[in-house]
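Asks: this one's sequence-less:
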């Protein structure tokens, strides 16, 4: 609960940002996970719970379908990015282990690189 009537609580409420899904400025940034805040750890499995989107939709929010569709697009883009990243990493590993690079690397080491 937030004491929104006090000066400190009102300032905290203005700083508070809540999103349903991952909005565009943040969808390409690296995300962090706080293990102590995971649903699996914090919520008991026999307790009922609801998400922010479900709660908002029950009181009249009309954009839940749009957010769900955008989340699916974001997940597809993330999966495609991950596949490209793995392919790039595999190519890099192959290049590092290639015999043709051994001579080039020895010459570069002589030059100080």
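Replies: Right, received. Where do you want to start? Since the structure is predicted, the reported quantities are computational estimates derived from the model, not experimental observations. Numbering: from 1, shown residues only.

Asks: Roughly how far does the most centrally placed residue in the chain sit from residue 48?
Replies: Closest residue to the average C-alpha location of the chain: residue 31 at 3.7 Å, with Cα atoms, centre = their mean. Residue 31 is 27 Å from residue 48, where distance means Cβ to Cβ, to the nearest Å. To be clear about C-beta, it is placed using only N, CA and C from the backbone, and glycine gets the same treatment.

Asks: Neighbours of residue 106, how many?
Replies: Using other Cβ atoms under 10 Å, residue 106 is surrounded by 9 other residues.

Asks: element containing it?
Replies: helix 100-111 (DSSP states H and E).

Asks: And for residue 86?
Replies: Per DSSP H and E: residue 86 is located in helix 64-96.

Asks: Show me how far stretch 8-24 is from its chain's centre.
Replies: From the chain centre to the centre of stretch 8-24 is a distance of 17 Å (Cα atoms, centre = their mean, to the nearest Å).

Asks: Just the mean pLDDT for it, thanks.
Replies: Average pLDDT, stretch 8-24: 90.

Asks: which residues touch that stretch?
Replies: Residues from elsewhere that reach stretch 8-24 (Cβ atoms under 8 Å, 6 or more residues apart in numbering): 2-4, 26, 31, 52-53, 56, 64, 67-68, 70-71, 74.

Asks: Mind giving me the ChimeraX command for buried ones among these?
Replies: A single ChimeraX command selects the buried members of the contacts of stretch 8-24 (16 or more other Cβ atoms under 10 Å):
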select :53,56,67,70,74
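
Asks: Among the contacts of stretch 8-24, which one lies nearest to residue 105?
Replies: residue 31 (35.9 Å; Cβ to Cβ).

Asks: residue contacts, residue 67?
Replies: Counted by Cβ under 8 Å, 6+ apart, residue 67 has contacts 20-21, 53.
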